[in-house]
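Peer 1: Need a 3D model of the following:
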Amino acid sequence: MGCEISWFAALCDDDYEFLGLPDRALLSSWEHCRTIALAAEAGGYDNLLLPSGYAMGIDPVSFAGGIAPLLRHMQLLVAVRMGEMWPPQLARQIATLDQMAGGRLTVNIISSGLPGQKLDSVTRYRRTLEIMSVLRDLLDGKPVDFHGEFVDLTLEPPRLRPTGGCPPFYFGGLSEPAREVGAQAADVFLMWPDTVPGVRAVITDMRARAARYGRELRFGYRAHVIVRSTEAEAQAAARRLLSRLDAEAGERIRRRSLDTSSAGNARQRELRDTANAEGYAEPGLWTGIGRARSGAGAAIVGDPDQVLAKLRAYQALGIEAFILSGYPHVAEGDLFARHVLPYLDHAALFPRGPR
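Peer 2: Okay, here's the model as predicted:
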């Protein structure tokens, strides 16, 4: 079974040699993140996640516009926050980026809070669902006559739209309202690191929810990776990554995120709390990353065969898209590209442009 393998462009100041120890050369900048993107394309990755942060890093939409003309094969998965931009303007931005990327744009829908604004989770997800509905219609070239709680809009579609219609929406979240939004409006439902039984349970639940709306979902898995020639070397690299971490510094880094209280982050904490003394929640799934990072907080760790087997175990459950990252991102991306990627049957999940 084939899968999509994406890498991560660390736009949000999330690149380190030692977790929690800032390195000026690895801070987010046009130059550094461009290097990550070009290395990922050269390595043969199918897609590239451009994450969204506010307090840290650089803007994903602006970065996408700059990097798109420099890429020839790889897709871009651009994160956009619902509520940050008025939907008609966001549709125009997405359509423009898709044109610049040669039809190879995919969209990561983010529902976390906006800077300076506090909305409870249920309200935020109601807003997200309204915007996703309107955005899809505009990008599909349909007129909009929508009168909701957050969007009140009667509008003809813009002239500029993606040639193949609305790009696929990648979306994730573990809370009850997040799952309902995903079931109704996502194309790919994304999960953060979890055990094999945990992933199985979420996929089973989300398939049932989507079926109630007459829909089918595809599934993605966002995790870090540490691959070395031997398992012992990979585990040593994991220990080295945390070797200079100060606990207070790690807590400060986690608190920079706008969604630290989410159900997804609660599950990442649970994985850390129930892991063994070395931080492994199950064989090959190391939770140490989450000690200095909000969001996806675990890594697949092992030799090439072990990492490959772990990915295939997730595939067997129904995962079709993997969004991977590692520290430092250029070096770890190269290791995975050389030692694991050639042995995966992989291609873009939604081919949307020249390959």
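Peer 1: Which stretches in the stretch 251-355 of the chain count as strands?
Peer 2: Secondary structure of the stretch 251-355 of the chain (DSSP state E, counting those that start in this stretch): strands located at 280-282, 285-286, 299-302, 319-325.
Peer 1: Nearest to Arg92, out of those?
Peer 2: Across the strands of the stretch 251-355 of the chain, Arg92 has its closest neighbour in strand 319-325 (26.1 Å, CB to CB). C-beta coordinates here come from the backbone N, C-alpha and C atoms, glycine included.
Peer 1: Name every strand pairing with the longest strand seen in the chain and say which way it goes.
Peer 2: In the chain, with assignment by DSSP state E, the single longest strand is strand 218-227. Applying DSSP bridges, strand 218-227 is found paired with strand 188-191 (parallel), strand 299-302 (parallel), strand 319-325 (parallel).
Peer 1: The closest residue to Glu282 other than its chain neighbours - how many residues pack around it?
Peer 2: Among residues not flanking Glu282 along the chain, Thr195 sits closest, at 4.7 Å (CB to CB, 6 or more residues apart in numbering). If you count neighbours by other CB atoms under 10 Å, Thr195 ends up with 15.
Peer 1: my read: Thr195 touches Tyr280, true?
Peer 2: No - assessed by CB atoms under 8 Å, Thr195 is found out of contact with Tyr280, at 10.3 Å.
Peer 1: Could you check how many residues crowd around Ala347?
Peer 2: 12.
Peer 1: about what we covered before: on the C-terminal side of the longest strand of the chain, identify the next helix or strand.
Peer 2: Counting by DSSP states H and E, the next helix or strand C-terminal to strand 218-227 is helix 231-241.
Peer 1: how much does that next one deviate in direction from strand 218-227?
Peer 2: Counting by axes from the mean of the first three to the mean of the last three CA atoms, to 10 degrees, helix 231-241 points 90 degrees away from the direction of strand 218-227.
Peer 1: And the helices in the stretch 251-355 of the chain?
Peer 2: 263-274, 304-317, 329-339 (DSSP state H, counting those that start in this stretch).
Peer 1: Mean neighbour count, mean pLDDT and distance to Ile289 for those - can I get that in JSON lines?
Peer 2: Compiled in JSON lines, those are given as follows (neighbours: other CB atoms under 10 Å; pLDDT from 0 to 100; distance: least, CB to CB, whole Å):
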{"stretch": "helix 263-274", "mean neighbour count": "17", "mean pLDDT": "89", "distance to Ile289": "9"}
{"stretch": "helix 304-317", "mean neighbour count": "18", "mean pLDDT": "98", "distance to Ile289": "15"}
{"stretch": "helix 329-339", "mean neighbour count": "19", "mean pLDDT": "98", "distance to Ile289": "12"}
